[in-house]
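K.L.:
Below are the sequence and a predicted model; questions follow.
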Amino acid sequence: MTTAVAAAGVGTATRAGVEIRLENLRRRYGAVTALDGLTLTLAPGELVALLGPSGCGKTTALRLLAGLEEADGGRVVIGGHDVTGLPANKRDTGMVFQAYSLFPHMTAWENVAFGLQMRKIGAADRRRRAIETLELVGLGGFANRYAHQMSGGQQQRVALARALAIRPKVLLLDEPLSALDAKVRVRLRDEIRRVQLDVGITTLFVTHDQEEALAIADRVGVMQSGRLEQVGPPTTIYSRPATPFVAEFVGLTNRLPGIVRGGQVEVRGTSLPLVQPDAADGAAVALVRPEAVTFASDNETAAGPLVGTVIAVAFLGATSRVTVDLGDITVLAQLATSEAAAHPAGTRVRLALRPDAVLIARETTGATSA
Amino acid sequence: MTVIERPLVETVRRPLRGGTRLATPQWIAAAPFFLYVGIFLLLPTAIVAGGAFIDGKGLSLSNFATMNQRFVINAFINSVVLSAISAIIGAVFGALLAYAVATGNPNGVFRRLVSSACGVLAQFGGVTLAFAFIATLGSAGLITLWLQQHGMRIYANGVWLYQLRGLVLVYTYFQIPLMVLVFLPALDGIRPQWREATESLGGGTWHYWRYVAGPLLAPAFLGSTLLLFANAFSAYATAAALINQGSIVASLLIANTLTSEVGLANPGIASALALVMVVIVAIVMVLYTVLQRRTARWLQ
């Protein structure tokens, strides 16, 4: 595959990624604020995933970077050049859309060659480079197929090849996996990452699927209401969320009522350190990951604040998710499957909370988020 | 040991003739339609086709000898010219209107208004349409008189409304709405991602229309134009209501040959002329179908 990359001229040997800066971008649609001062820098060759619920502004950010929409304010800088005022066809970006973006009257190689044709590259070179780029995405044998003769996953790979063939400075991926079934999605996700690393192109990946974002990105930016809530490596986003929104949007979270006192939060008889140690004392809701909930080693199931009954065990493979009813609240615990299997539904158990630093929210509702 | 005497799963009864079930509800529901088509389309076509090859002495090609007479050639040329011009005008203006509709709000008033109006106007032909034009643009029509009062004499060189030019104008009235109806689905099939993909790949508006939207829409546009051509070519009632004398188009010539008031009626010749029309329309419709198939594959 490396040979194909080098041959296609899109490998790290021939090009390096450029830095991208989105500076204080603002965009409104009537009364709705889609982007509210977004600032984000992508390092050369980095893959950043923008993650968030529908309407959070992630696609708007990508479209402003692509030049498909105009910002109300702010700047877009690609490779040190301010491109804010440039139209999409002058920005040197390659884009993969959600779906159905291949030109249906062109074969796979003609689709891939289209951008080269726009750059006035000769017919023979166009075809050669298109075939090479198709080989890069593993579709060398599909060059003469039309979109309707390929599966959704193959079409998206052709779309990726088409975006890469023009050797853009930036690769933009607008939820390219959302229309695919789960198995294909995982395979293509890994394929995109492999190609992106091979080519070394700076990439912005927009998705609403947290698993996708955490699996593929160097850094993840979580967005809400047109603003970035947190940007960081996937492990940081998951294990050290900066805001309650990030904690609840990324992964599962137990919302356990507690009392903040002296830089700690006391939850059902257990004192946990705080991510925000300067939080004011008072009632709060501790956001506790299921992985931080374990079975107590002493197996003492007499009455206690963390004693309850297992009501469901969901098998996830190496781990299982156990739902425990504590009487006034249900709690999720993620455990090794072998351990979970020893506590089937109906078993009385005593839980323990691992003393990881937790985030608190100030709402007083005590339901479990799942 | 248990002996299973019956199969655990009963197989479905074998369909008749290689998988086709004849007495399905679909066929029963469609039977009146096929009966109607058989009686009023296929049977008359067969009668026309048969009649074209029969004269007073039996099987013959003599009825087609009329085809080389000047007035017949002129009538067919006029029909082709009328159909082609009204189809092209209808196609161009209809496509522009359809484009305006397709690029507007899909739930907007404009789309609903134009779609509804076109649905009605595309069927608004015959005597009613002819009367509407006579009442407004006839020699004593409302608009004609109003224009005269303002110094504009549209009939200074003769009343062209009752000539070929007039027919073009009147036919355009139902050709444009028909074009909107048949071309709009193709325009709706154009995805906004294709324009954006063109732009992100370095192309502009010209490239988009030249390499993407143009080739994608061309079969639908040509197919729709052919449909309009066939629509005008086979039209009779509007021309008959507007033109009292002469047989300037083929459909009028056939009618006059079939029911001559001066004793010159010749059903055999009328059948031959009608058969030629049927063949022309059939060729056009086959081309239309081929183009529609391509459109459907690309723009679903």
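P.N.:
Cool, got the structure. Residues are numbered from 1 along each chain as shown, chains lettered A, B, ... in the order given.

K.L.:
just the helices in chain B please.
P.N.:
Read by DSSP state H, chain B holds these helices, from start to end of the chain: B:25-37, B:43-52, B:70-102, B:109-121, B:126-137, B:142-149, B:164-188, B:192-200, B:205-207, B:214-233, B:237-242, B:250-258, B:267-298.

K.L.:
can you redo these as JSON lines with mean pLDDT, distance to residue A:67 and mean neighbour count?
P.N.:
(C-beta placed from N, C-alpha, C; glycine too.) Converted to JSON lines, these look like this (pLDDT from 0 to 100; distance: least, Cβ to Cβ, whole Å; neighbours: other Cβ atoms under 10 Å in any protein chain shown):
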{"stretch": "helix B:25-37", "mean pLDDT": "91", "distance to residue A:67": "51", "mean neighbour count": "10"}
{"stretch": "helix B:43-52", "mean pLDDT": "90", "distance to residue A:67": "58", "mean neighbour count": "15"}
{"stretch": "helix B:70-102", "mean pLDDT": "95", "distance to residue A:67": "24", "mean neighbour count": "19"}
{"stretch": "helix B:109-121", "mean pLDDT": "94", "distance to residue A:67": "29", "mean neighbour count": "14"}
{"stretch": "helix B:126-137", "mean pLDDT": "90", "distance to residue A:67": "50", "mean neighbour count": "17"}
{"stretch": "helix B:142-149", "mean pLDDT": "93", "distance to residue A:67": "50", "mean neighbour count": "13"}
{"stretch": "helix B:164-188", "mean pLDDT": "94", "distance to residue A:67": "25", "mean neighbour count": "22"}
{"stretch": "helix B:192-200", "mean pLDDT": "94", "distance to residue A:67": "8", "mean neighbour count": "21"}
{"stretch": "helix B:205-207", "mean pLDDT": "96", "distance to residue A:67": "14", "mean neighbour count": "13"}
{"stretch": "helix B:214-233", "mean pLDDT": "94", "distance to residue A:67": "23", "mean neighbour count": "23"}
{"stretch": "helix B:237-242", "mean pLDDT": "89", "distance to residue A:67": "52", "mean neighbour count": "20"}
{"stretch": "helix B:250-258", "mean pLDDT": "89", "distance to residue A:67": "55", "mean neighbour count": "21"}
{"stretch": "helix B:267-298", "mean pLDDT": "89", "distance to residue A:67": "27", "mean neighbour count": "18"}
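
K.L.:
What residues does residue A:80 make contact with?
P.N.:
Contacts for residue A:80 (Cβ atoms under 8 Å, 6 or more residues apart in numbering or on different chains) come out as A:18-19.

K.L.:
per-residue pLDDT, it?
P.N.:
With respect to pLDDT, residue A:80 scores 93.

K.L.:
Ok, residue A:45 next?
P.N.:
94.

K.L.:
OK, contacts around it?
P.N.:
The contact partners of residue A:45, by Cβ under 8 Å, 6+ apart, come to A:16-17, A:200-202.

K.L.:
Same list (those residues) but as JSON lines, adding distance to residue A:76, neighbour count and secondary structure.
P.N.:
Supplementary listing: those in JSON lines, determined by distance: Cβ to Cβ, whole Å; neighbours: other Cβ atoms under 10 Å in any protein chain shown; DSSP: H, G, I helix; E, B strand; the rest coil:
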{"residue": "A:16", "distance to residue A:76": "20", "neighbour count": "13", "secondary structure": "coil"}
{"residue": "A:17", "distance to residue A:76": "16", "neighbour count": "22", "secondary structure": "coil"}
{"residue": "A:200", "distance to residue A:76": "21", "neighbour count": "19", "secondary structure": "coil"}
{"residue": "A:201", "distance to residue A:76": "17", "neighbour count": "26", "secondary structure": "coil"}
{"residue": "A:202", "distance to residue A:76": "13", "neighbour count": "26", "secondary structure": "strand"}
